[in-house]
Structure formats: structure tokens, C-alpha cells
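Okay, sequence plus prediction incoming.
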Amino acid sequence: MSQQDRFDAFSALHVPGNPMVLFNIWDVGSARAVTKAGARALATGSYSVAEANGFTDGETVPLDLVMANAARIVSSVDIPVSIDFEMGYGDTPEEAAASLNRLADAGIVGVNIEDGVPGGGLRSLDEQVARLKALAGVQVPSWINARTDVFLQNAPETHSDHLAEALERGAAYAEVGAKSFFVPGLVDLGLIAQVSESSALPVNVMAGPKSPPIAEFAAAGVGRVSFGGYPWRQAMKNLADSAAEVIGSA
């Protein structure tokens, strides 16, 4: 399957009301396991990749390692792979686009790009728009999942107050070439439905162990559901529990 074929297949999976489910992976082993479980596409989670390699989340993993890990994952499966690219690995829009060009050589079909900045806060709308525009200009087909941290950085009880800002960002991101709109932290199904109805892009939400069933996200018009660092944390808990049981019985 060519990279264009993978991109086309990945694009077709973003259907509002019938969301693609991405149970986030971090290495070849997890990629193969999730593929065997029936996944139609894969996506890494930056938290999981960082922790699995002895780093912390927040773009501390060296770009060369991110690229090598992506290449190994892509070569190990026959379904599309998207990479959590955090803030874009570049101080300027041009540097971020250059990093994406390098990453695209690994055969990935998309990236997740966030508008949060280290230490908290959001990149200004103009700055993030310029960054996304540069990334969308990369010639290799790449599905840009534009993430806003508006909801992550504010308490759930105030999310309705930040809806307008999130929608403004989503509309601006769509205008410069983003393909989907990621709203992690937003958990209220009513607000999720409002975002889905108002967004020009398929909406991506983050799920976890206490989230509603996928069917309820589908009913709210969501086009993509991902799980962030939850799969890695659960896998490590299972490992620790199993080890403790064996060691404790020795």
C-alpha cells in the first residue's frame, strides 16, 4: 500500500457520527497488538512514547527518536499510522514544517499538533494559524489533527464559558488546512455535540476508563475517538500487578 493509499484510507475513516477509534500505541509491540485486535488505523500518544523511553511528556523526546520510532511502527503494520507530534518540533512555523517533512519520510499519514505551550497557556491564534499553515504546505500527504488545549487548561465546570474561543480556533485551523479538530478535556456530551455541529472539521475527543460508550460519542456527532496515555498506563499497571503477584509468591 502506497503512502497516498494509506492517507486516503485514513481520511475515509473520519466520519462524524461513526467515529474512527484510535487506541493509542507507543512502539512496535503495542502497534502489532492493537492491529491484531482489529484496529483500522493507529496513532501514537506523546505521553506514552515519552514514558516508554524514559522521558517526560512535553516534547522532551529527541526528534531523531520520534522519527525512528515512527518508522519502525509504520514498517511493522499494514494500516495507516498517525504520530502525536506535540507542538511541531520547531520554534518557528518553518522549522516545524521542516520537522514534519523529515517525519513524513517514515511513511506516516498524519500528525497531531497542539496549541498549548510549555508551562501552560496557549499559543496565540495568529501564531498557531501560521504554524498550521506551514505544516499544511508540506507536500507529502499528511492529515493534520489540530488540537486545542482550551478545555484541558480549564476546569470542566467552566467549559461552556470557553466554547466560543474553542470554536473560533477550530474555524481558523480549518481555514489553513487542518483536517480534524481535537478537543481533549471536553467531557460534557452536550458541549461535544455543540462543537461537532458547529465545526467544519470532524471532531476528535479523548476517551478514558470513565468515558461514555463510543456509541454516545457517535450520537454527539464525533468523528474520531482517541485514548491518549490511558492504554500505556493500563498496560504498565497490568505489568506491575502481574509482577507483584509473581514476586510476592516467590
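Sure thing, it's come through. Every value quoted in this text rests on a predicted model; they were computed, and no experiment measured them. Numbers count the residues shown, from 1 in each chain.

With only the CA atoms kept, save stretch 125-134 in PDB.
The C-alpha coordinates for stretch 125-134 follow below in PDB (Å, rounded to 0.1, in the frame of the first residue of the first chain):
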ATOM      1  CA  LEU A 125      -4.400  32.300  17.500                       C
ATOM      2  CA  ASP A 126      -2.300  34.100  14.900                       C
ATOM      3  CA  GLU A 127       0.800  32.200  15.800                       C
ATOM      4  CA  GLN A 128      -0.900  28.800  15.700                       C
ATOM      5  CA  VAL A 129      -2.600  29.600  12.400                       C
ATOM      6  CA  ALA A 130       0.800  30.400  10.900                       C
ATOM      7  CA  ARG A 131       2.200  27.200  12.200                       C
ATOM      8  CA  LEU A 132      -0.700  25.100  10.900                       C
ATOM      9  CA  LYS A 133      -0.500  26.800   7.500                       C
ATOM     10  CA  ALA A 134       3.200  25.900   7.200                       C
END
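
dump the residue contacts of the residue nearest the centre of the chain.
With distances taken as CA atoms, centre = their mean, Asn112 lies nearest the centre of the chain, 4.4 Å away. Contacts for Asn112 (CB atoms under 8 Å, 6 or more residues apart in numbering) come out as Ala43, Ser46, Ser82, Ile83, Asp84, Phe85, Glu86, Asn145, Arg147, Phe182. Just so you know, the C-beta spots here come from the backbone N, C-alpha and C atoms, and that holds for glycine as well.

Can you pull the phi/psi pair for it?
Reported as degrees, to the nearest 10, the phi and psi values for Asn112 are phi -100, psi 130.

what's the burial count for the nearest residue to Ala41 once chain neighbours are set aside?
Using CB to CB, 6 or more residues apart in numbering and skipping residues adjacent in sequence, the residue nearest Ala41 is Pro80, 4.5 Å away. Using other CB atoms under 10 Å, Pro80 is surrounded by 28 other residues.

just the one 10 residues further on next, same as before
Gly90 is surrounded by 18 other residues when neighbours are defined as other CB under 10 Å.

Just give me the neighbour total for the nearest residue to it once chain neighbours are set aside.
Spatial nearest neighbour of Gly90, excluding adjacent residues (CB to CB, 6+ apart): Ala96 at 3.3 Å. Residue neighbour count, defined by other CB under 10 Å, stands at 23 for Ala96.

what does the one 5 residues further on give?
The number of residues packed near Asn101 is 15, by other CB under 10 Å.

On the secondary structure side, give me the element for it.
Assigned by DSSP states H and E, Asn101 falls within helix 93-104.

My read is that Ile25 contacts Ala41, right?
No - with contact defined as CB atoms under 8 Å, Ile25 does not reach Ala41; the gap is 10.6 Å.

if you count what's nearby, which of those two comes out ahead?
More crowded of Ile25 and Ala41, by other CB under 10 Å: Ile25, with 28 against 24.

show me what contacts that one?
Contacts of Ile25 (CB under 8 Å, 6+ apart): Ala31, Ala33, Val34, Leu42, Ala43, Thr44, Gly45, Ser48, Ile73, Pro231.

How about Pro19?
Taking CB under 8 Å, 6+ apart as the test, what Pro19 contacts is Ile214, Phe217, Ala218, Val222, Gly223, Arg224, Val225.

need the helices for this structure, in chain order.
3-12, 28-36, 46-52, 63-76, 93-104, 125-136, 163-175, 189-198, 214-219, 230-248 (DSSP state H).

related to what we said a few turns ago, now which of the contacts of Ile25 would you call buried?
When the contacts of Ile25 are checked for burial by 16 or more other CB atoms under 10 Å, the buried set is Ala31, Val34, Leu42, Ala43, Thr44, Gly45, Ser48, Ile73, Pro231.

With distance to Ser160 as added columns, please give those in CSV.
Output for the buried ones among the contacts of Ile25, formatted as CSV (distance: CB to CB, whole Å):
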residue, distance to Ser160
Ala31, 38
Val34, 34
Leu42, 33
Ala43, 28
Thr44, 31
Gly45, 27
Ser48, 31
Ile73, 38
Pro231, 30
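
Fine, thanks again, bye for now.
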